[in-house]
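Here's my sequence, what's the structure:
(chains A and B)
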Protein chains: 2
Amino acid sequence: MPDVGVLSAHLLSGFQKELFSRLAEAGHDQLRPRHGAVMAHIATGGTRASELSERSGQHKQVVGTLIDELEHLGYVTRRPDPADRRAKLVVPTDLGRDQMAQAKRIVADIEHRLAELVGRERFAEFKAVFEEVARSY
Amino acid sequence: MPDVGVLSAHLLSGFQKELFSRLAEAGHDQLRPRHGAVMAHIATGGTRASELSERSGQHKQVVGTLIDELEHLGYVTRRPDPADRRAKLVVPTDLGRDQMAQAKRIVADIEHRLAELVGRERFAEFKAVFEEVARSY
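Numbering: from 1, shown residues only, chains lettered A, B, ... in the order given. Have a look, this model is predicted:
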């Protein structure tokens, strides 16, 4: 039986290939799977880079580079945080909000298919245990 | 509730950080998490690059670069495949076999801890569903 690292790598790879090829069909063909580390964790009202780093588990420097790339592609902008003028918020643009809505729809569709595959109750319990295990890191 | 992509990314990131910092303590401090895509899938008797690409879900070109790096670091060598002289096998060296044994021990320890955390039966069912879901890709 493969270990949880091998299983996570395999599932993540397949999931990302499906999500980003379907996003490309929906017009977001310049996004790459690595951008998911930011786009999957950003709030419509904006999120600090440090928070994106924490949520994605990626190093701050990596997240900074991804934000630069996404800003260049027109998906996010950096704005001063109203709660702390020295801090900056990463805020999705109209294009970014469209990507987030499309991704939400595609991800729901993928999870629906997986739940049908293994059974809805088993899938719900799988996700509950998955969250407990992932949270322990 | 986070989706299976976010959960996989989070678990993989935490798992890799733990595994590779413990491997570094055991003397394998030049290995990086990306090398896991090869080292986790190689057989002691050797494995073809195309098979490593298939098992890891990584592109052949990526796997080729990882094999080059691992050869340079002394973890693997390329040898002609006795079953097909035109093909090559990627074979672990003594150093590579030591890494594989250490990784096996550390991964077993991690999975034991996770099973204790969520309950052994729930963990076994979690892995069974995880394999069905991962296999669907």
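
How about the secondary structure of A:Ala103?
Three-state call for A:Ala103 (DSSP: H, G, I helix; E, B strand; the rest coil): helix.

Touching, it and A:Leu19? I think so.
Yes - counting by C-beta atoms under 8 Å, A:Ala103 touches A:Leu19, with 6.6 Å between them. Yep, even glycine has a C-beta here, placed from its N, CA and C like the rest.

what ranges do the strands span in chain A?
Secondary structure of chain A (DSSP state E): strands at A:47-48, A:76-81, A:84-92.

what pairs with the second one, and is each one parallel or antiparallel?
For strand A:76-81, the paired strands and their directions (DSSP bridges) are strand A:84-92 (antiparallel).

Return the alpha-carbon coordinates of the partner strand using CSV.
Extracted C-alpha coordinates of strand A:84-92, given in CSV (Å, rounded to 0.1, in the frame of the first residue of the first chain):
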residue,chain,number,x,y,z
ASP,A,84,-2.5,48.3,9.2
ARG,A,85,-1.1,51.0,6.8
ARG,A,86,2.4,49.4,6.8
ALA,A,87,1.0,46.0,5.6
LYS,A,88,-0.3,45.1,2.2
LEU,A,89,-3.2,43.1,1.0
VAL,A,90,-3.2,40.9,-2.0
VAL,A,91,-6.6,41.6,-3.7
PRO,A,92,-8.0,39.7,-6.7
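
mean confidence score for that strand?
Averaging pLDDT along strand A:84-92 gives 92.

What does A:Thr44 show for phi and psi?
Main-chain dihedrals, A:Thr44, degrees, to the nearest 10: phi -60, psi -30.

does any part of stretch A:13-33 sit near chain B?
Yes - Stretch A:13-33 is in contact with chain B by C-beta under 8 Å from any C-beta of the partner chain, via A:13-19.

Pull out the buried residues from that stretch.
A:13-16, A:18-20, A:22-23, A:28, A:31, A:33 (16 or more other C-beta atoms under 10 Å in any protein chain shown).

Stretch A:90-109 too?
Residues A:90-92, A:96, A:99-100, A:102-103, A:106-107 are the ones in stretch A:90-109 that count as buried (16+ other C-beta under 10 Å).

Quick check, central residue of chain A?
A:Ala40 (2.1 Å; C-alpha atoms, centre = their mean).

Can you report phi and psi for that residue?
phi -80, psi -10.

rewinding a little: just the ones of the residues of stretch A:13-33 next to chain B in helices?
A:13-19 (DSSP state H).

And those, which is closest to B:Arg85?
Nearest to B:Arg85 among these: A:Ser13, at 32.0 Å, using C-beta to C-beta.

if I pick the closest one, what's in contact with it?
Going by C-beta atoms under 8 Å, 6 or more residues apart in numbering or on different chains, A:Ser13 touches B:56-58, B:137.

filter those down to the ones near chain A?
Applying C-beta under 8 Å from any C-beta to the contacts of A:Ser13, those adjacent to chain A are B:56-58, B:137.

and those, which of them are in helices?
Short answer: those in helices (DSSP H) are B:Ser56.

Find the nearest non-adjacent residue to A:Ser56, please.
A:Ala37 (4.1 Å; C-beta to C-beta, 6 or more residues apart in numbering or on different chains).

circling back: filter the contacts of A:Ser13 down to the buried ones.
By 16+ other C-beta under 10 Å, the contacts of A:Ser13 give B:56-58 as buried.

Please tabulate these in JSON lines, including the columns pLDDT.
JSON lines is the format used below for those (pLDDT from 0 to 100):
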{"residue": "B:Ser56", "pLDDT": "88"}
{"residue": "B:Gly57", "pLDDT": "84"}
{"residue": "B:Gln58", "pLDDT": "87"}
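
Looking at those, spot the one nearest chain A.
B:Gly57 (3.8 Å; C-beta to the nearest C-beta).

ok, that closest one to B:Arg113 distance?
26 Å (C-beta to C-beta, to the nearest Å).

ok, now A:Arg105?
A:Arg105 is 37 Å from B:Arg113, by C-beta to C-beta.

next one: A:Val107
Distance from A:Val107 to B:Arg113, by C-beta to C-beta: 29 Å.
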